[in-house]
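Chemist: model this:
(chains A and B)
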There are 2 protein chains.
Amino acid sequence: MPAQTRPARGMRDFLPEDVRRREYVIGVVADVYRRYGFEPLETPALENIETLTGKYGEEGNKLIFKVLRRGEHEASGETDLALRYDLTVPLARVVAEHRGKLPTCFKRYQIQPVWRADRPARGRFREFYQCDVDAIGSQSPVVEVEMLAAVSDVLATLGFDDFTIRLNHRQVLAALLTNAGVLVHQHADALVALDKLDKIGRAGVARELLNRGIDQQTQVRLMNWLEARYPSDWLDWLEREFTILDDGGRLAFQNLREILRLAAVTNVGPRLRFEPSLARGLSYYTGAIMEVSVPDLAGSLGGGGRYDGLIGMFSGEDIPACGFSLGLERILVVMGERNMFPADVQKPSADVIVTLFEGQPVEDGLRLAGDLRGAGVRVDVYPAPEKLGKQLKHAGAKGIPFAAIVGGDEIATGQVTIKNLTTGEQRRVARADVIRVLTELLRPPSGGR
Amino acid sequence: MPAQTRPARGMRDFLPEDVRRREYVIGVVADVYRRYGFEPLETPALENIETLTGKYGEEGNKLIFKVLRRGEHEASGETDLALRYDLTVPLARVVAEHRGKLPTCFKRYQIQPVWRADRPARGRFREFYQCDVDAIGSQSPVVEVEMLAAVSDVLATLGFDDFTIRLNHRQVLAALLTNAGVLVHQHADALVALDKLDKIGRAGVARELLNRGIDQQTQVRLMNWLEARYPSDWLDWLEREFTILDDGGRLAFQNLREILRLAAVTNVGPRLRFEPSLARGLSYYTGAIMEVSVPDLAGSLGGGGRYDGLIGMFSGEDIPACGFSLGLERILVVMGERNMFPADVQKPSADVIVTLFEGQPVEDGLRLAGDLRGAGVRVDVYPAPEKLGKQLKHAGAKGIPFAAIVGGDEIATGQVTIKNLTTGEQRRVARADVIRVLTELLRPPSGGR
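Modeler: Coordinates of the predicted model:
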């Protein structure tokens, strides 16, 4: 029986074309984040199990991949390590561990896989990449604005021109619920229901709220505010509507106003809008929350927010923090569907194949390959002297655009035949001119990228 | 009690400076391999446990990190997944699984972490990167030569100018042992002992051989051949010395001669030498074997060889293959000790800090930052309006070379102050000239990289 050769459930092999697309997107993300002063961080795939357990709620706990102890302990069934479940808890650990080496205001990006034993589904994998940026150590709204501008720059650089970033604040949400008559102990439940407004619509949310004991009158008040649609002064209007508003609530409105005002002078300005129904799933947010979406994707391309209570969890301090996580897998899906990858991401494994012939010295081919590579050309050498047709077919199957043919005639005359494998056109050029001619042929037409 | 915040045993956090160094080396490796027509492949960190068990010998089996089954099966202590132990077994699986999509001659590189529950030691980690290249599908010695040239190019591009690549052949080793009088069933033991010649010297190897039942007379013959040092025609001389030599042995000598002859026209020529004592630890090699070393490192920077029996293990076919694995961690250690990283790998997180002042509009700072980033400058914005001294101290601690100061005076006159944070020198320039002036200041002096 042949062995099972598929990747494990929910995991994927990335063939060359996949890797090139992934590397392109990751490269853009990292490059833009670096331009905003974020620094790269990487943490191990495996963490001590105590580092992760209890950090992701009861449901999350079940989805952690746990590693068996080894050696004499293996039979015990005990586990001592676990696979990284997100990039935030490892960041909190790193901030506590390396505090002396890190700047007080630490801005890091981290692009690494995480593992979750979720039920695999379309677009949901058990190994997937997260692209996180977090700024640790400041409560200033400049942090949110810079982060939103960076995310906006990433998406614009990738070619997205129709994304929206919705902005809300956990304290505004709390005020909204309180003023509608939702009791404090029902807030968490109500947020879970509201979070689904996009997916299940108003009627669906109403059912969910009712199931969670929130009556219709309360719902009507809630929905009136959420669907008021006063884009010009929605924020001010809502604040005036709320009869119950403590200092925290007023500061939250103030904070959103400042973020919107400062964002207006950056490239994120036209993308950003206040959206009081935005809830975000995670419970740890304490301030502004944000989420980015495009019209043709249910769900978001990424989201984030301020979470001032989490980063200090290992050291017992209060450390302010704000973060944003881009969903690499979703970005790749949308870019694939929309054909957004630039041509050079999809180019073949080599620019030229150098052919070898039986009875002809292989050295000439190897020398030519070496010279071309020295000039930055990507060269494949057909590994053995075989019939020219077979060599060119191999190159064609790999999409290689040109062949450099060094046969007996060519060697005798000190020439090389350059063949365009798409058009079939070919010409002989002097050996000394091959690099120049090929690099010219390979130069993308002006206007291309 | 504060929580444990160190990374798990044998694992490492990579702070920004570490990541930048790793990315630089990985970038060079990938770039050179691409120039040789190798294509990128990535496989999941987790494999089905059956894919890995039994592939690495009894010792290897114990070092595999195994993942507990989840949900109702968790209590059983059973495992169903395991962490990638090397990049070769996953490659064999991918070749069997995706054969229809891969070219018959598949040349791939793969740069990913692997996990081994080894006892951690200086320079030995439980999570470490491998950089593998493999060419699948051809028995031609051109494959070995191209691979050696690529490895040599990688090391030269990284700045290594004193490395040597030793070359041998498993069948030449077999002939050597047979002709010295080592019985076939002792060959594996003898190779293990020989493999340590570099580390434990001739006397040490002699002891090991004796322990494994290989008598002194045999040892003397063996050592006479291994230490003959006839670099000019060692290969020919050895072949003549061997009275017992079957067709496989003759082909092996022939193969090495051809590799050396073809390599001579590539950049690897001067680096490569035949070394009949080179054994390589792994048992799966069937042809040429090679190993690269530098004078100041015990052990090798990488090694590889031909292994024609392994890649077909999942499909039951014979698929010829040749591979080479570079040790990223060791390369990083040597480059660090020798100070080989170029200056721009070690540059700080940003080129410029834009300062913000209490009572001054933050918008001016954000606009300036946006303009500079649009020109490709890496800009940090101090997150809150504070005393200038504090902002500059923060920038200095991060090694940021310049500050762009937009205070009240500057706004009034439409200027920006640019301060060199190393020399303290500062000048006011018109707002419209800031980008030009700063990009000129940031341009590396000619001759630098």
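Chemist: Identify each buried residue in stretch A:343-354, please.
Modeler: A:Val345, A:Lys347, A:Pro348, A:Ser349, A:Ala350, A:Asp351, A:Val352, A:Ile353, A:Val354 (16 or more other CB atoms under 10 Å in any protein chain shown). Just so you know, the C-beta spots here come from the backbone N, C-alpha and C atoms, and that holds for glycine as well.
Chemist: Nearest to B:Arg212 among the residues you listed?
Modeler: Nearest to B:Arg212 among these, counting by CB to CB, is A:Ser349 at 45.7 Å.
Chemist: surely that closest one meets B:Phe38?
Modeler: Yes: between A:Ser349 and B:Phe38 there is a contact under CB atoms under 8 Å: 7.4 Å.
Chemist: Overlap of the contact sets of these two?
Modeler: Common contact partners of A:Ser349 and B:Phe38 (CB atoms under 8 Å, 6 or more residues apart in numbering or on different chains): B:Lys107.
Chemist: rewinding a little: put together a markdown table for the buried residues of stretch A:343-354, with distance to B:Val19 on each row.
Modeler: Listed next are these as a markdown table, based on distance: CB to CB, whole Å:
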| residue | distance to B:Val19 |
| --- | --- |
| A:Val345 | 23 |
| A:Lys347 | 28 |
| A:Pro348 | 30 |
| A:Ser349 | 27 |
| A:Ala350 | 30 |
| A:Asp351 | 30 |
| A:Val352 | 34 |
| A:Ile353 | 36 |
| A:Val354 | 37 |
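Chemist: Dump those into TSV; add pLDDT as well.
Modeler: Converted to TSV, the buried residues of stretch A:343-354 look like this (pLDDT from 0 to 100):
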residue	pLDDT
A:Val345	90
A:Lys347	85
A:Pro348	88
A:Ser349	89
A:Ala350	95
A:Asp351	95
A:Val352	96
A:Ile353	96
A:Val354	96
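Chemist: so which of the residues you listed are also by chain B?
Modeler: Checked against chain B using CB under 8 Å from any CB of the partner chain, the buried residues of stretch A:343-354 yield the following neighbours: A:Ser349, A:Ala350, A:Ile353.
Chemist: In a strand, A:Asp162, correct?
Modeler: No: with DSSP: H, G, I helix; E, B strand; the rest coil as the criterion, A:Asp162 is assigned coil and is not in a strand.
Chemist: ok, it - contacts?
Modeler: Contacts for A:Asp162 (CB under 8 Å, 6+ apart) come out as A:Val294, A:Pro295.
Chemist: so who does A:Ile353 touch?
Modeler: Contact partners of A:Ile353, counting by CB under 8 Å, 6+ apart, are A:379-382, A:391-392, A:394-395, A:398, A:400, A:402-404, B:37.
Chemist: Now which of these would you call buried?
Modeler: Neighbour-count burial (16+ other CB under 10 Å) is assigned, among those, to A:379-382, A:391-392, A:394-395, A:398, A:400, A:402-404, B:37.
Chemist: Would you format those residues as TSV with pLDDT included?
Modeler: Putting the buried ones among the contacts of A:Ile353 into TSV (pLDDT from 0 to 100) gives the following:
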residue	pLDDT
A:Val379	96
A:Asp380	95
A:Val381	95
A:Tyr382	92
A:Gln391	92
A:Leu392	92
A:His394	89
A:Ala395	92
A:Lys398	89
A:Ile400	95
A:Phe402	96
A:Ala403	96
A:Ala404	96
B:Gly37	96
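Chemist: Just the ones in helices from those residues, please.
Modeler: A:Gln391, A:Leu392, A:His394, A:Ala395 (DSSP state H).
Chemist: on that earlier part again, just the closest of the buried ones among the contacts of A:Ile353 to A:Thr51, please.
Modeler: A:Thr51 lies nearest to B:Gly37 out of the buried ones among the contacts of A:Ile353, by CB to CB, at 42.6 Å.
Chemist: partners of the residue lying closest to the closest one once chain neighbours are set aside in the sheet?
Modeler: The shortest distance from B:Gly37 to any non-neighbouring residue, by CB to CB, 6 or more residues apart in numbering or on different chains, is to A:Asp380 (3.2 Å). Legend: beta-bridge partners of A:Asp380 under DSSP bridges are A:Ile353.
Chemist: In contact with A:Asp380: list those residues for me.
Modeler: Contacts for A:Asp380 (CB under 8 Å, 6+ apart) come out as A:Ser349, A:Ala350, A:Val352, A:Ile353, A:Val354, A:Ala395, A:Lys398, A:Ile400, B:Tyr36, B:Gly37, B:Lys107.
Chemist: I'd like these laid out as CSV, including distance to B:Trp115.
Modeler: CSV is the format used below for the contacts of A:Asp380 (distance: CB to CB, whole Å):
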residue, distance to B:Trp115
A:Ser349, 29
A:Ala350, 33
A:Val352, 38
A:Ile353, 37
A:Val354, 39
A:Ala395, 38
A:Lys398, 33
A:Ile400, 36
B:Tyr36, 28
B:Gly37, 30
B:Lys107, 26
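Chemist: Pull out the buried residues from stretch A:121-131.
Modeler: Buried residues in stretch A:121-131, counting neighbours by 16+ other CB under 10 Å, are found at A:Phe125, A:Arg126, A:Glu127, A:Phe128, A:Tyr129, A:Gln130, A:Cys131.
Chemist: Tell me which two of those residues sit farthest apart.
Modeler: Spanning the widest gap among those are A:Arg126 and A:Cys131, at 18.1 Å by CB to CB.
Chemist: now the helices: where do they sit in the stretch 151-300 of chain A?
Modeler: In the stretch 151-300 of chain A, the helices defined using DSSP state H, counting those that start in this stretch lie at A:170-180, A:187-194, A:197-211, A:216-226, A:234-241, A:247-263.
Chemist: where do the helices sit along the stretch 301-449 of chain A?
Modeler: Taking DSSP H, counting those that start in this stretch as the criterion, the stretch 301-449 of chain A carries its helices at A:328-337, A:362-374, A:388-397, A:408-413, A:434-442.
Chemist: Can you list the buried residues in stretch A:220-230?
Modeler: Buried residues in stretch A:220-230, counting neighbours by 16+ other CB under 10 Å, are found at A:Arg221, A:Leu222, A:Met223, A:Trp225, A:Leu226.
Chemist: tell me how far stretch A:204-212 is from the chain's mean position?
Modeler: How far stretch A:204-212 lies from its chain's middle: 33 Å, per CA atoms, centre = their mean, to the nearest Å.
Chemist: what do you get for stretch A:313-323?
Modeler: The chain centroid and the centroid of stretch A:313-323 are separated by 24 Å, computed with CA atoms, centre = their mean.
Chemist: Then stretch A:317-324?
Modeler: 21 Å.
Chemist: Assumed A:Cys131 was part of a strand.
Modeler: Yes: judged by three-state DSSP, A:Cys131 forms part of a strand.
Chemist: any idea where the strands of the stretch 51-200 of chain A begin and end?
Modeler: Under the criterion DSSP state E, counting those that start in this stretch, the stretch 51-200 of chain A carries strands at the ranges A:66-68, A:79-83, A:106-115, A:127-136, A:164-169.
Chemist: Could you export the ones you listed to a markdown table, including columns for mean pLDDT and distance to chain B?
Modeler: Output for the strands of the stretch 51-200 of chain A, formatted as a markdown table (pLDDT from 0 to 100; distance: least, CB to the nearest CB, whole Å):
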| stretch | mean pLDDT | distance to chain B |
| --- | --- | --- |
| strand A:66-68 | 96 | 5 |
| strand A:79-83 | 96 | 6 |
| strand A:106-115 | 97 | 7 |
| strand A:127-136 | 97 | 5 |
| strand A:164-169 | 96 | 16 |
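Chemist: Nearest to B:Ala193, out of these?
Modeler: strand A:66-68 (34.5 Å).
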